[in-house]
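Student: got a sequence here, can you model it:
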Amino acid sequence: MVDIQVKLGERIKKIRKEQGFSQEQLATKSKLHRTYISDIERGDRNVSIKNIEKIAKALGVNISDLLSI
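Tutor: A predicted model of the protein is given here:
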C-alpha cells in the first residue's frame, strides 16, 4: 500500500505540471520554500492542512482536488 504522503505528493506534482509551473514558481506563489515543495512531492513531508491550503490556492484548485487521491 502506498503511503498517503506519497499519494498527496504525486497529486500535487501532477497538477503543478499540468499547469506548467516549476517547483520554484509554485513555491513562490504558495509562499513556501522550493525544497519544501520538493520534499512534499517526494512524499518526504507530512504536510499541515494550512500548507495544503496554501498550495491549493497557489494552484487555483480546491483542497478537495488535492486530496482526491
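
Student: from now on I want contacts and neighbour counts done on CA atoms only, so please keep to that.
Tutor: Noted.

Student: state the distance from the closest residue to residue 54 other than its chain neighbours to residue 46.
Tutor: Leaving aside its sequence neighbours, residue 54 sits nearest to residue 30 (Cα to Cα, 6 or more residues apart in numbering; 5.2 Å). Computed as Cα to Cα, to the nearest Å, the residue 30 to residue 46 distance reads 17 Å.

Student: quick one, which of the two is more surrounded?
Tutor: Counting neighbours by other Cα atoms under 10 Å for residue 30 and for residue 46 shows that residue 30 has the greater number, 20 against 13.

Student: looking at this protein, which helix or strand is least sure?
Tutor: Comparing helices and strands within the chain by mean pLDDT, DSSP states H and E singles out helix 63-67 as the least confident, with a mean of 94.

Student: for that one, packing partners?
Tutor: helix 4-18, helix 49-59 (3 or more Cα pairs under 8 Å, 6 or more residues apart in numbering; DSSP states H and E).

Student: buried residues in it?
Tutor: Using 16 or more other Cα atoms under 10 Å as the test for burial, helix 63-67 gives 63, 66.
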